[in-house]
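Chemist: Sequence first, predicted coordinates after that:
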Amino acid sequence: MKPTIQLHQLGQSLWLDNITRDLLSSGTLAKYLAEFSITGLTSNPTIFEQAIRNTNAYDADIHQKLEEGKSAEAVFFELAISDLTQAAALLLPIFKVTDSLDGWVSLEVSPLLANDAKGTIAEAKRLYRAANCPNLFIKIPGTPAGLKAIEESIFAGVPVNVTLLFSSQQYLAAAEAYLCGIERRIAVGLDAKVFSVASIFVSRWDTAVKQEISPEYHNRLGIVMAMLIYKNYQTLMVSARWQKILQSGACPQRILWASTGTKDPLASDTLYVDALIAPGSIDTVPEKTLLAFADHGKPDGVLPTDGGFAPAVLEEFRREGVDDEALAERLQTEGVASFAKSWEALILLIAEKGRQLAHVDM
């Protein structure tokens, strides 16, 4: 049996962390759905920046839209929505047959709004309305300002993928924002069924501490932090407050493992996928990791719901000098900065392509 099928049988969904025009037009995404049990797709500014930079598939549209007087940012969102709604159409049968649990795509608001709650709320509503796509998540970072935007967006009926979460504290804050948004909907008689996922970034922990810890601890911290978050997720789901909203028709805010590609060339290329199989969760993987897992993944068990060995191992990291709470804040700040850098490069790239294409017969 294929490892990807085994993963689904263990209760975990597998999504693809990539989008390009070639992926759509070549039939590769459709192939991944059929052969590798892919049931959703995520994107971010870095993925789109690379997609537009490494191909001329977008050039004609960029030229036309800029000639129409649109800004580079407006051009980007039109290109992104076009690609993502095509992917969403491919995933729509999965969306329907799973009662909306799977079959989603994700579009991120500008990372330049990460500290602007009011701007993020307005942009989330605008993008969701512009895409007019039932299986589209709007990605909002779990920053302090983002948390306010998440609650308001959920209250407004916008499905949200909360991104850039690293620690249990950050996850619990995102869950609280989702919960408050749903409770407010129930209080005024609105439908409680507004979907959300909480994206937990895993591999960046190990990259951040690699130079500071003994080799025996390499590539373990990300998995430990994920295990602790899964324990908190399980605790939340059985709490009286969550049971109340679930009985009112709401859906659990699912855990989504992100940043799951192995960065250490000495480690297994399926390290995080093998280790983080958890019923009810989602694992979104880069294309390279997907192909590796489909070839030689080892889905031989699921995460314990009580955290297992994670608390003890975290204490060992602390004795090694790792301040996990401070590092979680740093990783989130660096994540926002990294996406902002990609965003600015993306907007400059579109503008530069426009200038170059103005002198070419299209």
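Modeler: Ah, there it is.
Chemist: What lies in contact with stretch 320-334?
Modeler: Contacts to stretch 320-334, defined as CB atoms under 8 Å, 6 or more residues apart in numbering, come from residues 141-143, 164-167, 169-170, 201, 204-205, 208-209, 212-214, 217, 221, 225, 314, 317-318. C-betas here are computed from N, CA, C, even on glycine.
Chemist: leaving aside the residues next to it on the chain, what's closest to Leu276?
Modeler: Of all residues not flanking Leu276 in the chain, Trp257 sits nearest, at 5.1 Å (CB to CB, 6 or more residues apart in numbering).
Chemist: From what I see, Leu172 and Tyr233 are in contact.
Modeler: No - using CB atoms under 8 Å, Leu172 makes no contact with Tyr233, being 9.3 Å away.
Chemist: Those two: who's more crowded?
Modeler: More crowded of Leu172 and Tyr233, by other CB atoms under 10 Å: Tyr233, with 23 against 17.
Chemist: Please report how far that one lies from Leu33.
Modeler: Look at Tyr233 and Leu33: by CB to CB, to the nearest Å, they are 27 Å apart.
Chemist: next one: Gln86
Modeler: Computed as CB to CB, the Gln86 to Leu33 distance reads 13 Å.
Chemist: Over to Ala145?
Modeler: If you go by CB to CB, the gap between Ala145 and Leu33 works out to 36 Å.
Chemist: chain center to stretch 1-11: distance?
Modeler: Chain-centre distance of stretch 1-11: 21 Å, with CA atoms, centre = their mean, to the nearest Å.
Chemist: Restricting to C-alpha, output stretch 86-94 in CSV.
Modeler: What follows is stretch 86-94 as a C-alpha-only set of coordinates in CSV (Å, rounded to 0.1, in the frame of the first residue of the first chain):
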residue,chain,number,x,y,z
GLN,A,86,-8.6,26.8,-10.7
ALA,A,87,-7.0,24.6,-8.0
ALA,A,88,-10.1,25.0,-5.9
ALA,A,89,-12.3,23.8,-8.8
LEU,A,90,-10.1,20.6,-9.0
LEU,A,91,-10.5,20.1,-5.3
LEU,A,92,-14.2,20.9,-5.1
PRO,A,93,-15.4,17.3,-5.4
ILE,A,94,-13.2,16.5,-2.3
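Chemist: which of the residues in it are buried?
Modeler: Neighbour-count burial for stretch 86-94 flags Gln86, Ala87, Ala88, Leu90, Leu91, Ile94 (criterion: 16 or more other CB atoms under 10 Å).
Chemist: Looking at those residues, which one is closest to Trp343?
Modeler: Ala87 (20.5 Å; CB to CB).
Chemist: Please enumerate the strands of the stretch 151-300 of the chain.
Modeler: Assigned by DSSP state E, counting those that start in this stretch, the stretch 151-300 of the chain shows strands spanning 160-165, 196-201, 254-258, 282-285.
Chemist: And the ones you listed: which comes nearest Pro265?
Modeler: For Pro265, the closest of those is strand 282-285, at 17.5 Å, according to CB to CB.
Chemist: What mean pLDDT does the closest one get?
Modeler: Mean per-residue pLDDT for strand 282-285: 98.
Chemist: Isn't Leu357 up against His63?
Modeler: Yes - under the contact definition of CB under 8 Å, Leu357 touches His63, with a separation of 4.1 Å.
Chemist: By mean pLDDT, point me to the weakest helix or strand of this structure.
Modeler: Counting by mean pLDDT, DSSP states H and E, the chain has its least confident helix or strand at helix 45-53, which shows a mean of 91.
Chemist: ok so, going back, quick check: bridge partners of the residue nearest to Leu276?
Modeler: When bridges are called by DSSP bridges, Trp257 pairs up with Ile200, Asp283.
Chemist: quick one: it from Ile47, how far?
Modeler: On the measure of CB to CB, Trp257 and Ile47 end up 17 Å apart.
Chemist: which of those two has more neighbours?
Modeler: Neighbours per residue, other CB under 10 Å: of Trp257 and Ile47, the larger number sits with Trp257, 28 against 19.
Chemist: For Gly146, see how far away the more buried one is.
Modeler: In this structure, Trp257 and Gly146 are 19 Å apart, going by CB to CB.
Chemist: what mean pLDDT would you report for stretch 315-326?
Modeler: Computed over stretch 315-326, the average pLDDT equals 96.
Chemist: May I see the buried residues of that stretch?
Modeler: Within stretch 315-326, the residues that count as buried by 16+ other CB under 10 Å are Glu316, Phe317, Val322, Asp324.
Chemist: need the residues you listed in CSV with secondary structure, can you?
Modeler: Below are the buried residues of stretch 315-326 laid out as CSV (DSSP: H, G, I helix; E, B strand; the rest coil):
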residue, secondary structure
Glu316, helix
Phe317, helix
Val322, coil
Asp324, helix
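Chemist: out of those, which one sits closest to Ala156?
Modeler: Lowest distance from Ala156 to the buried residues of stretch 315-326 (CB to CB) belongs to Asp324, with 34.0 Å.
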